[in-house]
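Enquirer: Need the 3D shape of this:
(2 chains)
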There are 2 protein chains.
Amino acid sequence: MSKAGKKSLRVVQFGIGPIGASTLRTVLSKGDAFQLVGAIDVDPAKLGRDAAVVAGLERPCGVQVRADAETVLRKTKPDLVFHTTSSFLDRMYDQLILCARAGCNVVSSTEELSYPYHRHPRISAELDEVARENGVTLLGTGVNPGYAMDALALMATGVCNTVKSIRVRRVVDAGKRRRPLQMKVGAGLTETEFGEKKATGTFGHIGLVESLYMVAETLGWKLDRIDERLNPVISTREVKTPYLTVEAGQVAGIHHAAEGFVGARQVVSLDLKMFVGAEDPVDAVTVVGDPPIDLAIRGGIFGDTATVAALVNAAPLVVDARPGLVTVADIPLPRAYAAID
Amino acid sequence: MSKAGKKSLRVVQFGIGPIGASTLRTVLSKGDAFQLVGAIDVDPAKLGRDAAVVAGLERPCGVQVRADAETVLRKTKPDLVFHTTSSFLDRMYDQLILCARAGCNVVSSTEELSYPYHRHPRISAELDEVARENGVTLLGTGVNPGYAMDALALMATGVCNTVKSIRVRRVVDAGKRRRPLQMKVGAGLTETEFGEKKATGTFGHIGLVESLYMVAETLGWKLDRIDERLNPVISTREVKTPYLTVEAGQVAGIHHAAEGFVGARQVVSLDLKMFVGAEDPVDAVTVVGDPPIDLAIRGGIFGDTATVAALVNAAPLVVDARPGLVTVADIPLPRAYAAID
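Expert: Residues are numbered from 1 along each chain as shown, chains lettered A, B, ... in the order given. Prediction:
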């Protein structure tokens, strides 16, 4: 049984954008389970202000937002940093190095950190080395990547003697999600605009290939080839969300698929649709194996709150884990932390 | 990433009843992943014979069944013992002590070992102490307890910020399972016979209360009271299985329920039906929380093969785990091992 569960975890919030602000509010809502001891953000509009107020709460928490991460970490010496600054590892892995050198465990929302060994082998090796040297653990997680299309898929195979292939399907109604996500999936664009945005390379869902490799390699498949496709979902009707209207014929969102092959055989298939007006949201895992597994979360997992939950719930597991760079497949199974009421 | 995954695990099979025989066959089917180095059983009809043949295979494996566990373990020094001798801890925990003292990790099918802290606090403490002293890990698991009604329920909460209550429902068509299971659920008995058998105390499903405590306590609930009920499911029609016929009005199987309360509030409910003729087998987890989770494995998890898979798949995770008595909530999430084909 966890030791971390029995004491208050001293934490720093690193990055107070939408996910960071929500993480901070959740941390403050969990009573004695966490003690917020620092908050870091470089936005001049946030500096010097109370972190809770910056995160949208009325009641101040007595912790001011600072820009100098190193000073905050060295002064507060937290058990763990909630790191929510970027989706892309190469833009900010120095922030993770800094946390590790300051002796802090890290749970990060950085999608590329969830299984970074392929896209960033050099950075992965360096992060692992620095984490081990400093006796801390680094984890990238969230609802996706980190749960819906990788951890849940692995869990589904836990009672299988043989596995021939796995198919994971996630359908998200982007119309029920926060505004940045509706923008991120291209809702309301024309097909031409979608094509132009797609060409910039940072469009669509980040982390699908990371999930693909995590599932395949954890089960022992060495993938010979992966096939990744990003296409628009075109709306067949007018759909209104609190933030925008999609006309029939406009882009409603994305269909992002990734498949992994061993030789000519497809062994893992991840299929993600995020669009406004999706009528049957679901998270489904189908394992072709012995025994076969046909798992579904009806209605799907609501992403905005679930991402923050995945981060916060991972905290005590990461504090207790062996030092190094780890994935959700390396630590005890996800479960709610300090969540009962 | 696991170190155990990279080498062949040297294992001993301790107990060659139906589950042990199936475990042994699975181990031998997995190529280099395992090396069977010993086999233990006290049945005179099995002693001295080839373990693979005893387990129902045609081709011998070159390992003979021995009765003297201590000698087998000391001579072979396996990485891990698959232990499948009994459902009840007090009848055989000396076998686990013996494994630990011989320096062997253990994955056991003993239902009461899955979360033994309440029913057997003294034995739990002793097992944990001896395991730590000898640097080995002891785990009790299987499909149920160990997965369907506890690990899967915990996993479902992994993306929740708050959890108000959890309901787990498992419906098994016992008509599709092995003969001992059909007997165990009382198929074909009259209601009176069922009542008499129930009074002996060893009838029904073993491990439901263990699962209840695992779910509740891992999430932080201190249960004030548990309510456990075992009732017959009465068949409304004639049902034939390969082994027996249940007439309308006879017992088709069991309905076993366990509920955990904090004060007057029910926080965890486990509901298990195992009967011949069940038309909608399922494993379902409903989390009332934020976000809510409505998870189901359609068709259910086929228990006979899944129990063995749960044992075999846990092996590398247990070899890598910290020493001591652990539960499935303490080790990395279940996933198939050496299962791809």
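
Enquirer: dump the residue contacts of the spatially most central residue of chain A.
Expert: Centroid check for chain A by CA atoms, centre = their mean gives A:Gly142 as the closest residue, at 2.8 Å. Residues counted as contacts of A:Gly142 (CB atoms under 8 Å, 6 or more residues apart in numbering or on different chains) are A:Ser109, A:Glu111, A:Ser114, A:Gly207, A:Thr307, A:Ala310, A:Leu311. Just so you know, the C-beta spots here come from the backbone N, C-alpha and C atoms, and that holds for glycine as well.

Enquirer: For the second one, give me the pLDDT.
Expert: Reading off the per-residue confidence, A:Glu111 sits at a pLDDT of 95.

Enquirer: Check the last one too.
Expert: The predicted local distance difference test score for A:Leu311 is 98.

Enquirer: In three-state terms, how would the residue lying closest to A:Leu223 once chain neighbours are set aside be classified?
Expert: Of all residues not flanking A:Leu223 in the chain, A:Gly260 sits nearest, at 4.4 Å (CB to CB, 6 or more residues apart in numbering or on different chains). At A:Gly260 the chain is in strand, as set by DSSP: H, G, I helix; E, B strand; the rest coil.

Enquirer: can you tell me how far A:Gly260 sits from B:Thr307?
Expert: Noted for A:Gly260: a distance of 29 Å to B:Thr307, by CB to CB, to the nearest Å.

Enquirer: which secondary structure element contains the closest residue to A:Val159 other than its chain neighbours?
Expert: Of all residues not flanking A:Val159 in the chain, B:Ala306 sits nearest, at 3.8 Å (CB to CB, 6+ apart). Under the criterion of DSSP states H and E, B:Ala306 resides in helix B:303-320.

Enquirer: for that helix, packing partners?
Expert: Helices and strands touching helix B:303-320, as assessed by 3 or more CB pairs under 8 Å, 6 or more residues apart in numbering or on different chains; DSSP states H and E, comprise strand B:9-14, helix B:18-29, strand B:80-83, strand B:105-108, strand B:137-140.

Enquirer: Could you chop chain A up by domain?
Expert: A:4-142+A:305-326, A:151-300 (automatic domain parsing).

Enquirer: Can you name the residues of the stretch 201-341 of chain A that neighbour chain B?
Expert: Neighbours of chain B within the stretch 201-341 of chain A, by CB under 8 Å from any CB of the partner chain: A:217-221, A:267, A:289-299, A:301-302, A:305-306, A:308-310, A:312-313, A:327-336, A:338-341.

Enquirer: mind redoing it with 6 Å?
Expert: Taking CB under 6 Å from any CB of the partner chain as the contact definition, the stretch 201-341 of chain A meets chain B at A:218-221, A:290-291, A:294-299, A:301-302, A:305-306, A:309-310, A:313, A:330, A:332-336, A:339-341.

Enquirer: how about the domains of chain A, which one is nearest B:Val185?
Expert: Within the domains of chain A, the stretch nearest B:Val185 is domain A:151-300; the backing value is 19.3 Å (CB to CB).

Enquirer: how far does that closest one sit from the chain's center?
Expert: In terms of CA atoms, centre = their mean, to the nearest Å, the centre of domain A:151-300 is set 14 Å apart from its chain centre.

Enquirer: Kindly report the same for stretch A:30-40.
Expert: Distance of stretch A:30-40 from the chain centroid (CA atoms, centre = their mean) equals 21 Å.

Enquirer: From the rest of the structure, what touches it?
Expert: Contact with stretch A:30-40 is made by A:8-14, A:27, A:51, A:61, A:63, A:65-66, A:69, A:72, A:76, A:78, A:338, as judged by CB atoms under 6 Å, 6 or more residues apart in numbering or on different chains.

Enquirer: Ok, stretch A:98-116 next?
Expert: Residues from elsewhere that reach stretch A:98-116, judged by CB under 6 Å, 6+ apart: A:19, A:69-70, A:73-74, A:78, A:80-84, A:87-89, A:119, A:124, A:130-131, A:134, A:136-140, A:142, A:145-146, A:206-207, A:210, A:213-214, A:311, A:314-315, A:318-319, A:327.

Enquirer: Chain B contacts on the stretch 51-200 of chain A?
Expert: A:Val143, A:Tyr147, A:Leu154, A:Met155, A:Thr157, A:Gly158, A:Val159, A:Cys160, A:Asn161, A:Thr162, A:Val163.

Enquirer: For these, which entry has the maximal number of neighbours?
Expert: Among those, the one with the most neighbours (other CB atoms under 10 Å in any protein chain shown) is A:Val159, at 33 neighbours.

Enquirer: In contact with that residue, which residues?
Expert: Going by CB under 6 Å, 6+ apart, A:Val159 touches B:Val143, B:Tyr147, B:Ile301, B:Ala306, B:Ala309, B:Ala310.

Enquirer: In TSV, list these along with distance to A:Lys240.
Expert: As requested, the contacts of A:Val159 are arranged in TSV below (distance: CB to CB, whole Å):
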residue	distance to A:Lys240
B:Val143	46
B:Tyr147	43
B:Ile301	42
B:Ala306	46
B:Ala309	48
B:Ala310	48
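
Enquirer: OK, contacts around the residue in the stretch 101-250 of chain A that chain B sits nearest to?
Expert: At 2.6 Å from chain B, A:Gly158 is the closest residue in the stretch 101-250 of chain A, using CB to the nearest CB. When contacts are counted by CB under 6 Å, 6+ apart, A:Gly158 touches B:Asn313, B:Pro334, B:Arg335.
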